[in-house]
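Visitor: A structural model of the following input is requested.
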Amino acid sequence: TSMSNAYLAADLIIARSGAVTCSEFRTLGRYALFVPLPIGNGEQRLNAMDLVEAGRAQIVQQSDFDAHYVQENIKGLLEQSEKTHIAGDPTELLAAEKIVNLIEYVSQVGR
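Guide: Numbers count the residues shown, from 1 in each chain. The predicted model follows:
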């Protein structure tokens, strides 16, 4: 997809940490700065925690994420992203492929 290509071309990805986004990052093997939504029960923070613990991402709270934060941290984030060589998880890719196949099948049967 075009979003996957954008992720692969990026030196650093700054994104929300929804379940699908975190799954994509596991698959693509990209380093990220996550800014979880401050609403709900902290699900987005939980989504990102295994990536953070694996050294594949960082989290910043939305209340702390502003131009000053980016200015103060961008160099370190880019350095971390560059030195973190990450292999994607093929298991995630297989799961995504199965989901796409299922959706295509259901959309054809429903016609």
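Visitor: and whichever strand or helix holds residue 74, what's its mean pLDDT?
Guide: According to DSSP states H and E, residue 74 maps onto helix 67-83. The pLDDT scores in helix 67-83 average 90.
Visitor: Residues touching that helix, excluding its own?
Guide: 11-12, 31, 33, 58, 60 (Cβ atoms under 8 Å, 6 or more residues apart in numbering). Yep, even glycine has a C-beta here, placed from its N, CA and C like the rest.
Visitor: if you set the cut-off to 7 Å instead, what comes out?
Guide: With contacts defined as Cβ atoms under 7 Å, 6 or more residues apart in numbering, helix 67-83 is touched by 11-12, 31, 33, 60.
Visitor: Which members of these are positioned in strands?
Guide: residue 33 (DSSP state E).
Visitor: Can you lay out the contacts of helix 67-83 as CSV showing distance to residue 47?
Guide: As requested, the contacts of helix 67-83 are exported to CSV (distance: Cβ to Cβ, whole Å):
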residue, distance to residue 47
11, 23
12, 19
31, 16
33, 14
60, 15
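Visitor: Please identify which of the contacts of helix 67-83 is nearest to residue 46.
Guide: In terms of Cβ to Cβ, no member of the contacts of helix 67-83 lies closer to residue 46 than residue 60, at 15.6 Å.
Visitor: so how far is residue 72 from that closest one?
Guide: Noted for residue 60: a distance of 11 Å to residue 72, by Cβ to Cβ, to the nearest Å.
Visitor: hmm, which of the contacts of helix 67-83 are the buried ones?
Guide: Burial by neighbour count, 16 or more other Cβ atoms under 10 Å: within the contacts of helix 67-83 this picks out 31, 33, 60.
Visitor: ok, of these, which one's closest to residue 51?
Guide: Closest to residue 51, out of all of the buried ones among the contacts of helix 67-83 and judged by Cβ to Cβ, is residue 31, at 8.9 Å.
Visitor: Do I have it right that the closest one meets residue 54?
Guide: No - using Cβ atoms under 7 Å, residue 31 is not in contact with residue 54; the gap is 10.5 Å.
Visitor: Go ahead and produce PDB holding the CA coordinates of the helix or strand residue 24 falls within.
Guide: Element membership of residue 24 [criterion: DSSP H and E] is helix 19-28. Output of helix 19-28 as PDB, limited to C-alpha atoms (Å, rounded to 0.1, in the frame of the first residue of the first chain):
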ATOM      1  CA  ALA A  19      -3.600  -1.500  17.200                       C
ATOM      2  CA  VAL A  20      -3.400  -1.600  13.400                       C
ATOM      3  CA  THR A  21      -0.600   0.900  13.300                       C
ATOM      4  CA  CYS A  22       1.400  -1.000  15.900                       C
ATOM      5  CA  SER A  23       0.800  -4.200  14.000                       C
ATOM      6  CA  GLU A  24       2.100  -2.600  10.800                       C
ATOM      7  CA  PHE A  25       5.200  -1.400  12.500                       C
ATOM      8  CA  ARG A  26       5.900  -4.900  13.800                       C
ATOM      9  CA  THR A  27       5.600  -6.200  10.300                       C
ATOM     10  CA  LEU A  28       7.600  -3.500   8.600                       C
END
